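*Asks:* below is the sequence, then the predicted model.
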Amino acid sequence: MNYLFKNKKSTIKKLPKPFLLVSIFIVIIILLNFLAPHALSETVHWVGYPFWFLGGSVRDIVYNTSNFFKTKNSLISENKFLREKNTELKTNLLNQEIIIKENKKLNEILNRNKNKNIILGYVISWPPSSPYDTLVIDVGADHGVEKKDKVFFNGLVVGEIYDVFNRTSLVYLFSTSGSKVNVILNEKTPVIAEGIGGGNFIIKLPKDIDVNSGDKILLADTATGLMGSVEYVETKPSDAFQNVFFRSPFNIFEIKEVQVLNEK
Amino acid sequence: MIRLLVDIILFLSIFIFPWWISLFLILFSILIFDNFYESLIFAFFIDSAYSFSLFSNINFFFGMSIFVSIFFVFSYYMKRIVEFNFFK
């Protein structure tokens, strides 16, 4: 005959407490993702606003300190390079002013003058701080920034506004790995450029399309949104396609000031 | 006291240091402290501050939070085998 134990031991194993709490956290995350993914982003940006400026100051101190230890020779050669580059840029700037005036006249003739508002913003957080290749700028809804506004640096389009908060905005870079953007190659061929990170892009084209180094790449949405120029064209005899690599001519990680174009 | 100091450093690292330093500090803190639930909050902070949709077909914004959650569970079982004695 079987007798029951006086104190029946429970055979159901209880889940460890950390496992339960993490499971609840994951469920909350998934619910937030589909119902209100940016519910707490405004609060986080509000809290982080002064700390991002602190981070920028720390970064400047570290950069200046590292420059102190550079050798004289490296400083002399860098100085020489920068002087030559400055002369070249001044010449290009003169040409650009003529082109801008001409473009404005043509727009007036074609009656394409939209009410454009350019908002100047400073970058307070760069990609190394963000794991998602985004910038945080110090202008937001209070300054007239709206979602999908294009972001420029020295006349070159960098990305667009992804999310807007009261005092800050999140900028989505077009060169983010995996992102796709419609561009115009050499002012005639519409293609899709895929970002590969760090300001670099790749375009896959049929081999019979003629592409050369130095060809300009424009953003398809805006007539003057220059993104960069072709750096290298890769072709293989066995492949029916060619890979065109282009990049922004500036270092994304050193952008400090941007212009947000708000077209009303 | 040490745990509070680590919390402050982790909070500041989200805004000051590169993301991989913040992630390393979060994972390291999970290993050396018992039940370091603050790591989940900090990962959520990083996602809320910087994230946009990771995939083109599905909108998913909390990759870091999920990764840290999985590592948290993994570390729970790992601590049963390996003992970390940094502050004991």
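*Replies:* Cool, the structure landed.
*Asks:* surely A:F53 is in a helix?
*Replies:* Yes: in this structure, A:F53 lies within a helix as judged by DSSP: H, G, I helix; E, B strand; the rest coil.
*Asks:* I'd like the next helix or strand past the helix or strand of chain A with the lowest mean pLDDT.
*Replies:* Ranking every helix and strand in chain A by mean pLDDT, DSSP states H and E puts helix A:72-109 at the bottom, with a mean of 73. Going down the chain from helix A:72-109, the next helix or strand is strand A:116-125, by DSSP states H and E.
*Asks:* ok now that following strand, how far from the chain's centre?
*Replies:* Per C-alpha atoms, centre = their mean, to the nearest Å, the displacement of strand A:116-125 from the mean C-alpha position of its chain is 13 Å.
*Asks:* quick one: that strand near chain B?
*Replies:* Yes: counting by C-beta under 8 Å from any C-beta of the partner chain, chain B is contacted by strand A:116-125 at A:S125. Glycine gets a C-beta too; all of them are placed from N, C-alpha and C.
*Asks:* check which residues of that strand are buried.
*Replies:* Using 16 or more other C-beta atoms under 10 Å in any protein chain shown as the test for burial, strand A:116-125 gives A:119, A:121, A:123-125.
*Asks:* stretch A:241-250 too?
*Replies:* Within stretch A:241-250, the residues that count as buried by 16+ other C-beta under 10 Å are A:242, A:244-248.
*Asks:* can you list the strands that the one helix or strand A:L135 maps to pairs with?
*Replies:* Taking DSSP H and E as the definition, A:L135 sits inside strand A:134-137. Listed by DSSP bridges, the sheet partners of strand A:134-137 and their directions read strand A:116-125 (antiparallel), strand A:169-173 (antiparallel).
*Asks:* would CSV of the ones you listed with mean pLDDT and distance to B:I41 be doable?
*Replies:* Formatted as CSV, these follow (pLDDT from 0 to 100; distance: least, C-beta to C-beta, whole Å):
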stretch, mean pLDDT, distance to B:I41
strand A:116-125, 85, 19
strand A:169-173, 90, 20
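*Asks:* now these as JSON lines including distance to A:G199?
*Replies:* JSON lines is the format used below for these (distance: least, C-beta to C-beta, whole Å):
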{"stretch": "strand A:116-125", "distance to A:G199": "14"}
{"stretch": "strand A:169-173", "distance to A:G199": "8"}
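*Asks:* quick check: which of these is nearest to B:W20?
*Replies:* strand A:116-125 (14.9 Å; C-beta to C-beta).
*Asks:* can you pull out the helices in chain B?
*Replies:* B:2-16, B:19-32, B:38-50, B:63-78 (DSSP state H).
*Asks:* just those helices: most buried one?
*Replies:* Highest mean neighbour count among the helices of chain B (mean count of other C-beta atoms under 10 Å in any protein chain shown): helix B:38-50, with a mean of 23.
*Asks:* alpha carbons only: can I get it in PDB?
*Replies:* The C-alpha trace of helix B:38-50 is given here as PDB (Å, rounded to 0.1, in the frame of the first residue of the first chain):
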ATOM      1  CA  GLU B  38      19.900  48.600 -13.400                       C
ATOM      2  CA  SER B  39      21.600  47.300 -16.500                       C
ATOM      3  CA  LEU B  40      18.200  46.700 -18.100                       C
ATOM      4  CA  ILE B  41      17.300  50.300 -17.400                       C
ATOM      5  CA  PHE B  42      20.500  51.600 -18.900                       C
ATOM      6  CA  ALA B  43      20.100  49.500 -22.000                       C
ATOM      7  CA  PHE B  44      16.600  50.900 -22.400                       C
ATOM      8  CA  PHE B  45      18.000  54.400 -22.000                       C
ATOM      9  CA  ILE B  46      20.500  53.900 -24.800                       C
ATOM     10  CA  ASP B  47      17.700  52.600 -27.100                       C
ATOM     11  CA  SER B  48      15.300  55.400 -26.200                       C
ATOM     12  CA  ALA B  49      18.000  58.000 -26.800                       C
ATOM     13  CA  TYR B  50      19.600  56.800 -30.000                       C
END
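*Asks:* mean confidence for it?
*Replies:* Average pLDDT, helix B:38-50: 89.
*Asks:* one more: stretch A:30-46?
*Replies:* Rounded mean pLDDT across stretch A:30-46 is 84.
*Asks:* do the same with stretch B:72-86
*Replies:* 77.
*Asks:* one more: stretch A:146-157?
*Replies:* Stretch A:146-157 comes out at a mean pLDDT of 85.
*Asks:* roughly how far apart are A:D60 and B:S13?
*Replies:* 18 Å (C-beta to C-beta, to the nearest Å).
*Asks:* kindly report the same for B:V82.
*Replies:* Noted for B:V82: a distance of 25 Å to B:S13, by C-beta to C-beta.
*Asks:* show the pLDDT at A:I26.
*Replies:* At A:I26, pLDDT is 90.
*Asks:* also A:L110?
*Replies:* 63.
*Asks:* tell me which parts of chain B are close to chain A?
*Replies:* Going by C-beta under 8 Å from any C-beta, the residues of chain B near chain A are B:12, B:14-20, B:23, B:35, B:37, B:40, B:44-46, B:48-52, B:54, B:56, B:59-62, B:64-66, B:69, B:72-73, B:76.
*Asks:* what are the boundaries of the strands in the stretch 151-264 of chain A?
*Replies:* A:156-164, A:169-173, A:180-185, A:189-197, A:200-206, A:216-219, A:226-235, A:241-247, A:257-263 (DSSP state E, counting those that start in this stretch).
*Asks:* packing partners of the shortest one?
*Replies:* Under the contact criterion of 3 or more C-beta pairs under 8 Å, 6 or more residues apart in numbering or on different chains; DSSP states H and E, strand A:216-219 touches strand A:180-185, strand A:226-235.
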